[in-house]
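Chemist: Below is the structure, and that's it, no one-letter string:
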């Protein structure tokens, strides 16, 4: 018991705990979860950042046998004094999906403070976003943070129309219609068809790892953009555990 009390003090020093005040579907396989509380109100955040959520009790020794199942990373959908996440639910989901299904109003949730460098580059003359549904939450936050007069070129591929998120800009949604999300040829071809200004802007590429590699190669090798203008964030890869 004493060890647990010490662990709780250490955990409280590096983490934040909020209370679930809202749960609602925002797409076929995504639930919006809102967290509020005194600790949550004191956060600072940049659009595109993420938090690492404790989806099981970090202080329970039984959970130490599977340390990869304790934490899951979620992009922040919105922050306005309360924190909103979009939690993916899918048939083959692991601890993160189970945690999202079992959440209830009033439940405490512990998570790390917002982190990550996959954020908007405000000096860019325009912004390109390309990825699939796992990137849509981060992209949604970034699009909402852009000034209205800043050009943006979003490309998002999802399973079907029911998987679309409500975003701040018009998006030419791409549908896989049963095709695999890995190494997406459709998303790559859509990026190649984009009519962009002559000078480079900022490109944000996120989602499945192989697709991100293909898109990055397109912008650097085919379009000749400098590497520092292309920002990538692989969120998952087929067969990899701990990425749901």
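Modeler: Looks like it arrived, so ask away. None of these values were measured; they are calculated from a predicted model.

Chemist: Is residue 203 bridged to anything, and to what?
Modeler: Here residue 203 sits in beta bridges with residue 128, residue 230, going by DSSP bridges.

Chemist: Low-confidence regions, this protein specifically.
Modeler: Applying pLDDT under 70 to the chain flags residues 1-13, 57-68, 91-93, 240-244.

Chemist: if we go to 80?
Modeler: 1-14, 56-69, 90-93, 239-244 (pLDDT under 80).

Chemist: Let me see the ranges of the helices in it.
Modeler: With DSSP state H as the criterion, the chain has helices at 2-14, 38-41, 95-102, 133-145, 185-193, 209-217.

Chemist: Out of those, which one sits most buried?
Modeler: Comparing the helices of the chain by mean neighbour count (mean count of other Cβ atoms under 10 Å), helix 133-145 ranks first with a mean of 24. Just so you know, the C-beta spots here come from the backbone N, C-alpha and C atoms, and that holds for glycine as well.

Chemist: Run through who's touching it.
Modeler: The contact list for helix 133-145 (Cβ atoms under 8 Å, 6 or more residues apart in numbering) reads 27, 29-30, 47-48, 50, 74-78, 85-86, 88, 118-120, 127, 129, 131, 152, 154, 156-159, 163, 165-169, 204, 206-208, 233, 235-236.

Chemist: and these, which are buried?
Modeler: The neighbour-count test (16 or more other Cβ atoms under 10 Å) applied to those identifies 27, 29-30, 47-48, 50, 74-78, 85-86, 88, 118-120, 127, 129, 131, 152, 154, 156-159, 163, 165, 167-169, 204, 206-208, 233, 235-236 as buried.

Chemist: Mind checking which of the residues you listed are in strands?
Modeler: Among those, the members falling in strands (DSSP state E) are 27, 30, 50, 74-78, 85-86, 88, 127, 129, 131, 152, 154, 156-158, 204, 206-208, 233, 235-236.

Chemist: Please parse the protein into its domains.
Modeler: Following automatic domain parsing, the chain resolves into domains at 2-112, 127-236.

Chemist: Please state the offset of the first one from the chain centre?
Modeler: The chain centroid and the centroid of domain 2-112 are separated by 13 Å, computed with Cα atoms, centre = their mean, to the nearest Å.

Chemist: Now do residue 72 against residue 127, distance only.
Modeler: Residue 72 is 27 Å from residue 127, where distance means Cβ to Cβ, to the nearest Å.

Chemist: go on, residue 118?
Modeler: Distance from residue 118 to residue 127, by Cβ to Cβ: 13 Å.

Chemist: now swap in residue 107 and tell me
Modeler: Residue 107 sits at a distance of 36 Å from residue 127 (criterion: Cβ to Cβ).

Chemist: Over to residue 215?
Modeler: Residue 215 is 14 Å from residue 127, by Cβ to Cβ.

Chemist: what residue is smack in the middle of the chain?
Modeler: The centre of the chain sits closest to residue 75, judged by Cα atoms, centre = their mean, with a distance of 3.3 Å.

Chemist: Wait, that one touches residue 50, no?
Modeler: Yes: counting by Cβ atoms under 8 Å, residue 50 is a contact partner of residue 75 at 4.9 Å.

Chemist: For residue 41, which residues are in contact?
Modeler: Neighbouring residues of residue 41 by Cβ under 8 Å, 6+ apart: 81-82.

Chemist: again, only this time at 6 Å
Modeler: Contact analysis of residue 41 by Cβ atoms under 6 Å, 6 or more residues apart in numbering lists residue 81.

Chemist: With residue 112 instead?
Modeler: By Cβ under 6 Å, 6+ apart, the neighbours of residue 112 are 15, 51-52.
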